[in-house]
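S.K.: can't give you the sequence, but here's the structure:
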Ligand SMILES: Nc1ncnc2c1ncn2[C@@H]1O[C@H](COP(=O)(O)OP(=O)(O)O[C@H]2O[C@H](CO)[C@@H](O)[C@H](O)[C@H]2O)[C@@H](O)[C@H]1O
């Protein structure tokens, strides 16, 4: 019986031209040729032919390797595959072939068993996750690491304890991409890492495995595959495969297995694993683990695999499967991505991105919005400067040079793939060692850094392969953020679109804070390196300073669409008070402006999973355990800060930048009143030196009631949010505000100035109807703050049920990014179809 390649949709035959993974942990000489790519030198791909390994058979046999984790690998001997499928030129009645056949059947069974195990673990994890939070937006992680080891008997073996097998530091996998660049995805910072879990993704072999079964190479076999996964320890792993390794992801098991050996597909398997493939015709496909089994199951002869091409359009591939896939129980049709046919390539460009770099809310947004867009099915990248040495990103080997102020500056690109998002870091001496002083230096220093950053970021889709494939400039939208990257839309136009390049690339500019605009004297124009006539975009008349140079202005005019981070702020931006000199222009461009309220990262900022609540007496809690968990966190906070541990005393907190915007001076004015209220006040912030000093002074003066923590501590921000009862946000203006969202998610009741995003997100408490989420006051004045806080304290003390209702309503909200991501998608689409 002939078995066509349709049974093995991912099973491909490699040839000498194909790049190949380094096999790892080979315990005895291989008997087969091995193509080895040596890092950095594609010319050194060497064909270690059969004789190199003491084997006389010169038949081109290959090893497919799928590196798991960052360290673990397994090897698949193509010879075996041929033995079951394709005539290799080796006599099929050869005893060896029979042996190989038998061993392959054995291996197949093992692989199936492992797959079952993986799926079971996935199902368990999924059950756990769904029991934790039905509404949770975060993606469950795979902890079912299945490993394959190339053992002495040349068989694929499964290590029952996946944590036990590792490859050493110098064992690496490198891919080579068209000679343009190479990327080493192995993180050498860890001595030992768990093995990959993706290798268990297959659907079996062929029953019976007839002697002369052929395996033919599909016309359009994936030439580059990538598997990304998150392991139990939270480490991320990226594996790039080529054709040779694609054999590891195969399909079709099963003949010869017991009748009831069906594989159950969990309702929704974790999507932490992703397989990206590029077809030979340049088309691109993505399979995540959450859809992989369905993907495979659906890919019958009559239902060809759906693939996503580089333009994001899903279309059938020539890869097909046989009805063997029917042996896998699928729980239903794989739904299309939420974005449907609208999937796009999206690149968010920002000056900071949590957790690597963060000075405020922009970092949070850059770290979490892209993940929500990716969950909708878009191919998403974040580009951010590399301010220090970060553990996850690896050097892609891509080097480019850009002119800044007449000098050629070299940049390198680092890359990692986490939660469905490619994070690309631009490395240059100009960014390096900035640490957390991201915006340090004088005006021109920052300007030059941003010129370099925007120039380098815009060409990432051309030059930086992610998972082996560059994004390209078709069906692509950039999301630039604040003035730091407002040059990007301008460069897109001036350098590219004006010259017929990047014709299908669009830009969206997000206003997080209009107060910072990248202003300077008109002469600053010489630093941005643009044709003379572009100066008009930057020139702005200011009643105070006359004509000046304004980067935000140029970005707002040039971007295809503009978003700001709440509806309230989009309205305020158009007023002379809220527009900070740009209101006229924003009014002129009103047609392309939209307000979208930020979401929060439900994984990082979730009291149920918060990693900062796992020690020092803190505890994770949820709506169900609010009444015990939150008081425990409060006591732990009081203890950590050296305050009296008193459950009955309300803890009021403030977290944020110490500047005019945040209204911390209004809190200062209210402090004399507050200390008479038998409350505790905890303030965390950095910023203006005078305000920092003020915090210290309050702590000295009222040591039994006030703590002023001067510094930037993410851990303390989380702990304070969990342990406090009340959050104060008397911001003078607040485009969105994230702290009030975090607070509500933690059952901490906000008292806010009703402005911008604060007004949008904190519905005032109505004691008659028991509705609302907190207290608001309508003017940024300390007496207004005192009024609102007074009512809040009264409710806290006298109306416990109402208080609990406030907490619960806050926690029950869906504050996730999913809703916002959908709205961003609409904006991206509008930009896409805009000419
Ligand atoms: N000392 C400290 N230690 C630890 N963490 C600290 C800290 N000071 C601040 N943070 C953290 O920084 C973030 C601040 O976010 P915000 O949205 O409140 O303000 P920001 O003004 O920076 O952001 C701008 O952009 C965001 C995103 O769009 C808008 O929400 C906002 O209105 C706009 O002003 C929060 O995650 C907070 O916990």
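M.R.: Right, received. Where do you want to start? No experiment lies behind these values; they were computed from the predicted model shown.

S.K.: interface residues of the stretch 651-800 of the chain facing the ligand?
M.R.: 655-657, 684-686, 712-714, 717, 734-739, 757 (C-beta under 6 Å from any ligand atom). All C-beta atoms are positioned from the backbone trio N, CA, C, and that covers glycine.

S.K.: any of those buried? List them.
M.R.: Buried subset of these (neighbour count, 16 or more other C-beta atoms under 10 Å): 655-657, 684-686, 712, 717, 734-739, 757.

S.K.: inside helices: which ones of the residues you listed?
M.R.: 717, 739, 757 (DSSP state H).

S.K.: so the last one sits right up against residue 572, yeah?
M.R.: It refers to residue 757. No. Counting by C-beta atoms under 8 Å, residue 757 does not reach residue 572; the two are 9.9 Å apart.

S.K.: re earlier: which of the ones in helices among the buried ones among the residues of the stretch 651-800 of the chain next to the ligand sits closest to residue 631?
M.R.: Within those, proximity to residue 631 (C-beta to C-beta) peaks at residue 717, which comes in at 19.9 Å.

S.K.: without its sequence neighbours, what residue ends up closest to that closest one?
M.R.: residue 655 (5.2 Å; C-beta to C-beta, 6 or more residues apart in numbering).

S.K.: how about residue 797?
M.R.: residue 650 (7.7 Å).

S.K.: what's the pLDDT at the one you found?
M.R.: Residue 650 carries a pLDDT value of 98.

S.K.: so it sits against residue 726, correct?
M.R.: Yes. Between residue 650 and residue 726 there is a contact under C-beta under 8 Å: 6.0 Å.

S.K.: any residues in contact with both of those two?
M.R.: Shared contacts of residue 650 and residue 726, defined by C-beta atoms under 8 Å, 6 or more residues apart in numbering, are found at 793, 796.

S.K.: what's residue 424 in contact with, if anything?
M.R.: Residue 424 touches 381, 382, 383, 384, 393, 396, 413, 414, 415, 460, 464, 466, counting by C-beta under 8 Å, 6+ apart.

S.K.: mind checking the SS state of it?
M.R.: strand (DSSP: H, G, I helix; E, B strand; the rest coil).

S.K.: that one bridge partners, please.
M.R.: residue 383, residue 415 (DSSP bridges).

S.K.: wait, is residue 346 part of a helix?
M.R.: No. Counting by three-state DSSP, residue 346 is not part of a helix but strand.

S.K.: any idea how far the ligand is from it?
M.R.: Separation of residue 346 from the ligand (C-beta to the nearest ligand atom, to the nearest Å): 17 Å.

S.K.: use 498 as the first number for this chain going forward.
M.R.: Yep, numbering from 498; the last one is residue 843 now.

S.K.: pull the contacting residues for that residue.
M.R.: By C-beta under 8 Å, 6+ apart, the neighbours of residue 843 are 867, 870, 875, 876, 877, 878, 973, 974, 975, 976, 1325.

S.K.: for whatever helix or strand the first one lives in, which helices and strands make contact with it?
M.R.: Assigning secondary structure by DSSP states H and E places residue 867 in helix 858-872. Packed against helix 858-872, as judged by 3 or more C-beta pairs under 8 Å, 6 or more residues apart in numbering; DSSP states H and E, are the following elements: strand 842-846, strand 876-882, strand 918-924, strand 973-978, helix 1314-1329.
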